[in-house]
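sharing a model prediction with you, sequence too.
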Amino acid sequence: MSDAAEIRAQLAARQKNHALPRSLYCDEAVFQADLAHVFAREWLFAVPACQLVKAGDYATLQIGAYPVIVVRGADGMIRAFHNVCRHRGQRLCAKSTGSTPKLVCPYHQWTYDLDGKLLWAKDMQEDFDPRAHGLKKVHCVDIGGMVFICLADVPPPIADLAGALGRYLAPSGLKEARVAHVSTIIEKGNWKLVLENNRECYHCGGAHPSLCRTYSDNPRMTAMDGPDAASPDILAHWQRCEAAGLPSRFVNHPDMQWRLARIPLLNNADSYTMSTKPAVRGKRMGTIPFNDAGSLLFFHYPNTWNHFLADHAIVFRVLPVSATETEVTTTWLVPGDAVEGVDYDLKELTEVWLATNDEDRQVVEENQVGIRSPAYVPGPYSLVQEEGVIQFVDWYCNTLGARLGPDPALAAE
Amino acid sequence: MSDAAEIRAQLAARQKNHALPRSLYCDEAVFQADLAHVFAREWLFAVPACQLVKAGDYATLQIGAYPVIVVRGADGMIRAFHNVCRHRGQRLCAKSTGSTPKLVCPYHQWTYDLDGKLLWAKDMQEDFDPRAHGLKKVHCVDIGGMVFICLADVPPPIADLAGALGRYLAPSGLKEARVAHVSTIIEKGNWKLVLENNRECYHCGGAHPSLCRTYSDNPRMTAMDGPDAASPDILAHWQRCEAAGLPSRFVNHPDMQWRLARIPLLNNADSYTMSTKPAVRGKRMGTIPFNDAGSLLFFHYPNTWNHFLADHAIVFRVLPVSATETEVTTTWLVPGDAVEGVDYDLKELTEVWLATNDEDRQVVEENQVGIRSPAYVPGPYSLVQEEGVIQFVDWYCNTLGARLGPDPALAAE
Amino acid sequence: MSDAAEIRAQLAARQKNHALPRSLYCDEAVFQADLAHVFAREWLFAVPACQLVKAGDYATLQIGAYPVIVVRGADGMIRAFHNVCRHRGQRLCAKSTGSTPKLVCPYHQWTYDLDGKLLWAKDMQEDFDPRAHGLKKVHCVDIGGMVFICLADVPPPIADLAGALGRYLAPSGLKEARVAHVSTIIEKGNWKLVLENNRECYHCGGAHPSLCRTYSDNPRMTAMDGPDAASPDILAHWQRCEAAGLPSRFVNHPDMQWRLARIPLLNNADSYTMSTKPAVRGKRMGTIPFNDAGSLLFFHYPNTWNHFLADHAIVFRVLPVSATETEVTTTWLVPGDAVEGVDYDLKELTEVWLATNDEDRQVVEENQVGIRSPAYVPGPYSLVQEEGVIQFVDWYCNTLGARLGPDPALAAE
Ligand code: FES
Ligand code: FES
Ligand code: FES
Ligand SMILES: [Fe+3]
Ligand SMILES: [Fe+3]
Ligand SMILES: [Fe+3]
């Protein structure tokens, strides 16, 4: 059986509303399929646009074997390229972030403009065509201050997301925000276990003592059935926020690849702090009108979830490293004029989610160890608590299955 | 050629009384076959029963990809389970030893009784059947204070071993012993090299200066042909010990998968100490009647060898980690009422075998490096010195070969 | 498709004068083919002969999975053997260098003479033939003080190299030299990237500030077309040196597997030092008649390049570790009677090439990261600057291609 046929068989054999079979979390062939058919074909969140302040500011990321660079051009546009020199393939920029007037290859100094054009290559022969040796482009779009990239030749449609996300993010002032902190960790677990972990709060009570001060683990907080279907407290929150000009109600992609909704925090909390008070004092993000606006939740499969609060925002990026290793990067954004030590204390700003991330890392890693056992049997998800996980695994299986192509045996019938 | 066919070919091609071909010590496919057909099918030594003193005491171990937990129940019975939650596969217990009233999954707190029954699972749907989601059992038996487990659905017969080992161990007081020290090391060599190393003392003179003070490297010590066939000094030792109620003479499995025999120490030594004197002073294990009872040797393939002395016992557990990595856990047991610092000095108790283990680790690791060479040619074992190694590799090749099934080409004839 | 067929396809698909396709730098199957068909069949530089001063002095090296020992015999001859015991395959000598009267296996003390003969094996049976269990020989030849080895049963011809290299090295006094320093580093890149990096100075200006004080990055320094075709300054240097008895002009293997030529240093420098002055003061290597003799350059594919100066020599050895890891060993040789701290300062002697090696390591590692990208496209080499790289990749592709055998599909026609 080919790798694709084996994966198709695994997908076909899975039991509805149950965790996935072992191979889908562990096997190298599945990981390569995930890279090729999911991560190399979907729009991926790369960086907040405000991280690239001026022309020449760049950030790099590694998506499986693909090194990518995102850079702001002289014209202010943000573009993405394969971070690979067109001469002998050197990685152009090794640092995770930096600033440079031109992209100069560290090997033989071939020099590219910030828009990817090859400007200079020493001692090349007559018939060498610089125009044929510009950097290879990666699709790139800035939606409301979040930069998404896509490695595919032809990316999937993004207009619906762009419309909704742009409208919801507008009051949160992402574009004028400032990066207060970046944390990158490696979790020793498959990227799908990282996503599953994020899509439920069944584990929150046991795992997240600090987060649970302000974030409700009640599943009605996130399991909603439509723009007008939610519990009374959420409906009331939506009414109050929308009256104040904050798009809030539930909106989603038909397949649940992404979702937006603004939820109230627990105990009238203003922010994810130990004190429940805002971490940034006396300033709010964008045009948010009051402190207790709760959290605008946004996820987009396969690689991001986010919390946009009144006083700050926390954006998460997930990148697969190997079948059993995943990089999670968390970025804390504050109002552009907020000054560390004056308007906020960095420890107070970051401590709840640094702890939460580490707690999630631990459960993900132990999950991977258990699933690796040949004795592992996928168990049933709780329909009450794990609806979000079910949506994620369904989206994943449908997406991967469709791209692996129809079963040739069935097709032949 | 399939993996199984290739391994069969390697087994068939090996030369009698010679070291094994390179692939059997190095290849990933052979390692997976060893796990599936040897470690997942044979009885394996897990822990001394006395390590689990009271209800809820547990120990965990990792056999290839299988995490397993051994736990003493409220009824005093020791049981073993796959250490994997039936919900989404979390490893239940991550620590190597601990104590807990119930087995609570760290992810979503599904709670299991010490006998494996699922007691509680929050927010599961109506049609969820807790009785169908208890922990998966691993066969488990306590023989004279040594806990053996078996991952197979149908374990091989163990009555003969149980009879002989139970009888031999009885006077050694394993059940009432106390764990004085546990050492776990990783040797960068295939598990079979670890076993081969243990099955001969051809290397002892060169490798083990401390052990050789008290342990004879004379091959007639361990190469015996039956219950009444041994050198005169051993026969004399057997007579004296058996007269005093200590089962001592050679007894073995027909295929030499296990063997029991009590041997005298060298130079009238009482114990494996630098001084040759007992490490535990004024107390003896169980009902052993005198200090110079020598060592009751017990090995069982594929994963344990042991020394039961008058004043203490040393039990060894071998678990494969990868084709070229093996975990060796050594546990020192002392009489249950022996007090560290009063009745024995921990350094004195452990130093000879800590040194011996490290010396063996070094030779095993250099053996692996040399065998990895394509220029390696399996050489002849010494019939005088390495009879035990020959028995081990024959047992291994016969066992694996039988389970890989007959050669389909031959079967077709 | 078999591995060989896939590699043949990659070789056939490569574009002339362009970097190689990704798989040839990254894939495990290609790495195994490189080991089997290049490193296990070509003559490889092992050590300078003067490192083994007296009988019993040895050096070990690891060529892929092959451990090898090179040892000076009681008769003064240098021999090479597989560093693997004929009993159970122990690596005989683990240290990188040492001295021993006999080669004694650390496992069971089988003892071999320095010429590989098995002298002693304890307790072996009657029919054991020690003569059939000597160490397996590796072909070994000392050319002008450089020891080459070959793992093949039938090594390729070496007479041409021996003649030319012997003649060129004679005045450099390698045999009477002394090892002043050895540095071994691991570069996280394919061995071919290490070689390519060495075969051009297109990168020198950007990467090697210290080396560029004394070494010209002008490509006419190394790109020569024959014994009488070079730029005027080099022709003048050849005339002056040859008049003084130093073989200097360009000489090469027809396929450019090796090349010899003496080049002047930059700015009338005497040596590769920060000061441009000799590192060794008041002494010269062998019979070199003046300080400004420049550098005798010698490379031999697949694993060595060298600089022989008036005051010292620097020899380089490249050994593949994995598809993406390569060991580079650099040895500094000084006149046999030069005394550290008196005649030379070790830091001054070594600093330029220690820095240069580390700079090259960095570019090689970033090259590997970029080439790993599926978006990598092999770009064109500069015909002006990278002629040496083109020669190397052509030699490699021709050599490997020939040994993989003709395409069976084509052969069938
Ligand atoms: S690899 Fe970038 S300039 Fe050569
Ligand atoms: S995985 Fe154990 S309770 Fe969820
Ligand atoms: S392996 Fe060398 S003597 Fe036994
Ligand atoms: Fe969480
Ligand atoms: Fe030993
Ligand atoms: Fe260089």
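Yep, it's here. Ligands and ions are numbered 1, 2, ... in the order given.

in the stretch 301-413 of chain A, which spans are strands?
Listed in chain order, the strands of the stretch 301-413 of chain A (DSSP state E, counting those that start in this stretch) span residues A:304-308, A:313-322, A:325-335.

those strands: which one's closest to ligand 3?
Taking Cβ to the nearest ligand atom, strand A:313-322 is the member of the strands of the stretch 301-413 of chain A nearest to ligand 3, at 36.7 Å. Just so you know, the C-beta spots here come from the backbone N, C-alpha and C atoms, and that holds for glycine as well.

given that closest one, what are its sheet partners and their directions?
strand A:304-308 (antiparallel), strand A:325-335 (antiparallel) (DSSP bridges).

export these as a markdown table, with columns for mean pLDDT and mean neighbour count.
Shown next, in a markdown table, are the strands paired with strand A:313-322 (pLDDT from 0 to 100; neighbours: other Cβ atoms under 10 Å in any protein chain shown):
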| stretch | mean pLDDT | mean neighbour count |
| --- | --- | --- |
| strand A:304-308 | 98 | 23 |
| strand A:325-335 | 98 | 21 |
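
which residues touch A:His133?
Counting by Cβ atoms under 8 Å, 6 or more residues apart in numbering or on different chains, A:His133 touches A:Arg86, A:His87, A:Trp110, A:Leu118, A:Ala121, C:Gly379.

find the nearest non-adjacent residue to the spatially most central residue of chain A, please.
Nearest to the mean C-alpha position of chain A, by Cα atoms, centre = their mean, lies A:Thr304 at 1.8 Å. Nearest non-adjacent residue to A:Thr304, counting by Cβ to Cβ, 6 or more residues apart in numbering or on different chains: A:Phe45, 3.7 Å away.

contacts only, for the closest residue to ligand 2 within the stretch 1-150 of chain A.
Using Cβ to the nearest ligand atom, the single residue of the stretch 1-150 of chain A nearest to ligand 2 is A:Ala19, 8.2 Å away. For A:Ala19, the contacting residues are A:Ile371, A:Pro378, A:Gly379, A:Tyr381, A:Val393, B:His87, B:Arg88, B:Gly89, by Cβ under 8 Å, 6+ apart.

measure the nearest residue to it once chain neighbours are set aside to A:Pro302 for me?
Among residues not flanking A:Ala19 along the chain, A:Pro378 sits closest, at 3.9 Å (Cβ to Cβ, 6+ apart). Per Cβ to Cβ, to the nearest Å, A:Pro378 is found 20 Å from A:Pro302.

out of those two, which sits in the more crowded spot?
Comparing A:Pro378 with A:Pro302 by neighbour count (other Cβ atoms under 10 Å in any protein chain shown), the higher total belongs to A:Pro302, at 25 against 21.

Three-state assignment for the closest residue to the more buried one other than its chain neighbours, please.
What sits nearest to A:Pro302 in space, not counting adjacent residues and going by Cβ to Cβ, 6+ apart, is A:Val38, at 5.4 Å. Following DSSP: H, G, I helix; E, B strand; the rest coil, the label given to A:Val38 is helix.

mind listing what A:Val38 touches?
Applying Cβ under 8 Å, 6+ apart, the residues near A:Val38 are A:Pro302, A:Tyr396, A:Thr399, A:Leu400, A:Arg403.

list only buried entries from these.
Among the contacts of A:Val38, those classed as buried by 16 or more other Cβ atoms under 10 Å in any protein chain shown are A:Pro302, A:Tyr396, A:Thr399, A:Leu400.

ok, the residue nearest to A:Ala19 - contacts?
By Cβ under 8 Å, 6+ apart, the contact set of A:Pro378 is A:Arg14, A:Gln15, A:His18, A:Ala19, A:Leu20, A:Pro21, A:Arg22, B:Arg88, B:Gly89.

distance of it from ligand 1?
47 Å (Cβ to the nearest ligand atom, to the nearest Å).

could you do A:Glu126 as well?
Applying Cβ to the nearest ligand atom to A:Glu126 and ligand 1 gives a distance of 19 Å.

then A:Tyr168?
Separation of A:Tyr168 from ligand 1 (Cβ to the nearest ligand atom): 42 Å.

tell me which element that residue is part of?
In the assignment (DSSP states H and E), A:Tyr168 maps to helix A:159-169.

hang on, A:Arg14 packs against A:Cys397?
Yes - using Cβ atoms under 8 Å, A:Arg14 is in contact with A:Cys397, at 6.6 Å.

what sits in contact with each of the two?
Residues touching both A:Arg14 and A:Cys397 (Cβ under 8 Å, 6+ apart) are A:Leu20.

stretch A:67-79 near ligand 1 anywhere?
No - taking Cβ under 6 Å from any ligand atom as the criterion, stretch A:67-79 and ligand 1 are apart, separated by no less than 13.2 Å.

can you dump the C-alpha atoms of that stretch in PDB for me?
Extracted as PDB, the C-alpha positions of stretch A:67-79 are listed here (Å, rounded to 0.1, in the frame of the first residue of the first chain):
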ATOM      1  CA  PRO A  67      12.200  28.500   5.700                       C
ATOM      2  CA  VAL A  68      10.100  31.700   5.000                       C
ATOM      3  CA  ILE A  69      10.800  35.300   5.400                       C
ATOM      4  CA  VAL A  70       8.200  38.000   5.900                       C
ATOM      5  CA  VAL A  71       9.500  41.500   5.200                       C
ATOM      6  CA  ARG A  72       8.100  45.100   5.000                       C
ATOM      7  CA  GLY A  73       9.000  46.700   1.700                       C
ATOM      8  CA  ALA A  74      10.100  50.200   0.900                       C
ATOM      9  CA  ASP A  75       6.500  50.800  -0.200                       C
ATOM     10  CA  GLY A  76       5.200  49.800   3.200                       C
ATOM     11  CA  MET A  77       3.800  46.500   1.800                       C
ATOM     12  CA  ILE A  78       4.400  43.300   3.700                       C
ATOM     13  CA  ARG A  79       5.600  40.500   1.500                       C
END
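
list the buried residues for that stretch?
Neighbour counts using 16+ other Cβ under 10 Å place A:Pro67, A:Val68, A:Ile69, A:Val70, A:Val71, A:Arg72, A:Ile78, A:Arg79 of stretch A:67-79 among the buried residues.

just read off the phi/psi values of A:Asp217.
When read as degrees, to the nearest 10, the backbone of A:Asp217 gives phi -90, psi 10.

quick one: contacts for it?
Contact analysis of A:Asp217 by Cβ under 8 Å, 6+ apart lists A:Cys201, A:Tyr202, A:Cys204, A:Gly205.

now name the helix or strand holding the second one.
Read that as A:Tyr202. Counting by DSSP H and E, no helix or strand carries A:Tyr202.

what's the spacing between it and A:Asp217?
8 Å.

quick one, helices of the stretch 1-150 of chain A?
Secondary structure of the stretch 1-150 of chain A, counting by DSSP state H, counting those that start in this stretch: helices at A:3-13, A:22-26, A:28-33.

please identify the most buried of those.
When you average the neighbours per residue for each of the helices of the stretch 1-150 of chain A (mean count of other Cβ atoms under 10 Å in any protein chain shown), helix A:22-26 leads with a mean of 21.

chain C contacts on chain A?
A:40, A:65-67, A:82-92, A:94, A:106-109, A:121-125, A:128, A:133, A:136, A:151 (Cβ under 8 Å from any Cβ of the partner chain).

what about the closest residue to A:Pro320 other than its chain neighbours, how many neighbours?
Closest residue in space to A:Pro320, ignoring its immediate chain neighbours: A:Trp191 at 4.3 Å, by Cβ to Cβ, 6+ apart. Residues lying near A:Trp191 (other Cβ under 10 Å) number 29.
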